[in-house]
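S.K.: coordinates for the following, if possible.
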Amino acid sequence: MYISNEEIFMENDKKSLNARVVRYNKHYGFLENPQKFSIESDPHRLVIRNYALRNNRRELYEEYIRNQYPEKVVKELGEFDSCLMYLKFLNKEEAKNWFLSNDTKVVESDIEALENDAILRMLFVEDEQDQKDLLNAQQSYILNRVTPESILKMRDNFWIDTRIC
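M.R.: Residues are numbered from 1 along each chain as shown. Predicted structure coming up:
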């Protein structure tokens, strides 16, 4: 029986997704206590969404949303499709140029910012105090806020939602 490289990659990627769900669940306990999380702060949703966006697997995210948040399907899938249209994979130099050209002061990652496949989005910053408040907010594995300068020191490649929020 022949197994293609693509099939091997997809199987490894699925194992990686499952391992991330387990790792994040150890920290948050979302599988045991899903009621503790709103859709915006649901770590399980963010992990699934991240994977689905990076791998163009809308059906995976749709299945999750239909099962967990059936009343939010239309809104969530519209947001997913919009993000997918603006999602870019950039190397360090391209990301640096994008941050500079958009005068980016703070980015927020969907999953832990240190992870190479975290998706970043630019946050609107009104002034220096607003920037300090955004960066000092309590954070954990999800929805990390960092400066572009600091994230550029940590990684070589970047997934960026290029919509200006």
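
S.K.: quick check: phi and psi at V22.
M.R.: The phi/psi pair for V22 (degrees, to the nearest 10) reads phi -60, psi -50.

S.K.: again, but for E112
M.R.: Dihedral pair for E112: phi -50, psi 130, per degrees, to the nearest 10.

S.K.: how close does it get to W98?
M.R.: The gap separating E112 from W98 is 21 Å, by CB to CB, to the nearest Å. To be clear about C-beta, it is placed using only N, CA and C from the backbone, and glycine gets the same treatment.

S.K.: which sections of this protein are below the confidence cut-off?
M.R.: Scanning the chain for pLDDT under 70 picks out the ranges 1-14, 127, 129-135, 137-139, 165.

S.K.: tell me the centre residue of it?
M.R.: Geometric centre of the chain, nearest residue: D110, 3.0 Å, by CA atoms, centre = their mean.

S.K.: tell me the contacts of that one?
M.R.: 46, 49-50, 118-119, 121, 142-143 (CB atoms under 8 Å, 6 or more residues apart in numbering).

S.K.: in JSON lines: those, plus secondary structure.
M.R.: Listed next are the contacts of D110 as JSON lines, based on DSSP: H, G, I helix; E, B strand; the rest coil:
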{"residue": "L46", "secondary structure": "helix"}
{"residue": "R49", "secondary structure": "helix"}
{"residue": "N50", "secondary structure": "helix"}
{"residue": "A118", "secondary structure": "coil"}
{"residue": "I119", "secondary structure": "strand"}
{"residue": "R121", "secondary structure": "strand"}
{"residue": "I142", "secondary structure": "coil"}
{"residue": "L143", "secondary structure": "coil"}
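
S.K.: which parts of stretch 47-59 are buried?
M.R.: By neighbour count on 16 or more other CB atoms under 10 Å, the buried set for stretch 47-59 is 47-54, 57.

S.K.: among these, which ones are in helices?
M.R.: Those of the buried residues of stretch 47-59 mapping onto helices are 47-54, per DSSP state H.
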